[in-house]
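K.L.:
I would like the atomic coordinates for the input below:
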Amino acid sequence: PKGNMAFAGKYEFEGDENYDEFVKKIGLPSDKIEMGKNCKIVTEVVQNGNDFTWTQHFPGGRTTTNTFTVGKEADMETFGGKKFKATVKIEDGKLVADFPNYRHTAEICGGKLVEISTSSGVVYKRTSKKIA
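P.N.:
Reported below is the predicted structural model:
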């Protein structure tokens, strides 16, 4: 993989754009919407070549972990806790996954983890700063 594929590390939520509009668009229940708002999620990425373990630690101790290999179908879990199968690809140094009702990309940009989810024209952007 190219040098810009260095995702490994721990990242803390810094800010987001279009959260409300996006989560309504994908049909997230309102209790989950409130829970995720300005949520200091810590994202921990372990990378071994094309194998990834991607864990999100939510305040209060809840975590979700997705383990996948680039180019192979994997069992994944969405933002709202739904289980599905997806194949994560690499396009232009970004990890790209098609979730059931949105497309998700992740890239490292200026040392920050930038994640973009798009659903029917609504673009949700989340930025996390590297803490480890």
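K.L.:
contacting residues for residue 97?
P.N.:
Contacts of residue 97 were listed using C-beta atoms under 8 Å, 6 or more residues apart in numbering, and they are 76, 86, 87, 88, 89, 103, 104, 105. For every residue, glycine as well, the C-beta is placed using N, CA and C.
K.L.:
secondary structure element for it?
P.N.:
strand 94-98 (DSSP states H and E).
K.L.:
which among the contacts of residue 97 gets closest to residue 39?
P.N.:
residue 104 (16.7 Å; C-beta to C-beta).
K.L.:
now the angle from the helix or strand hosting that closest one to strand 94-98?
P.N.:
For residue 104, the host element (DSSP H and E) is strand 103-109. Angle, strand 103-109 to strand 94-98, by axes from the mean of the first three to the mean of the last three C-alpha atoms, to 10 degrees: 170 degrees.
K.L.:
Okay, and the beta partners of the residue nearest the centre of the chain?
P.N.:
In the chain, the centroid-proximal residue (C-alpha atoms, centre = their mean) is residue 115; its distance is 5.7 Å. Applying DSSP bridges to residue 115 yields these beta-bridge partners: residue 106, residue 126.
K.L.:
helices and strands of the protein: which one bottoms out on pLDDT?
P.N.:
helix 30-36 (a mean of 80; mean pLDDT, DSSP states H and E).
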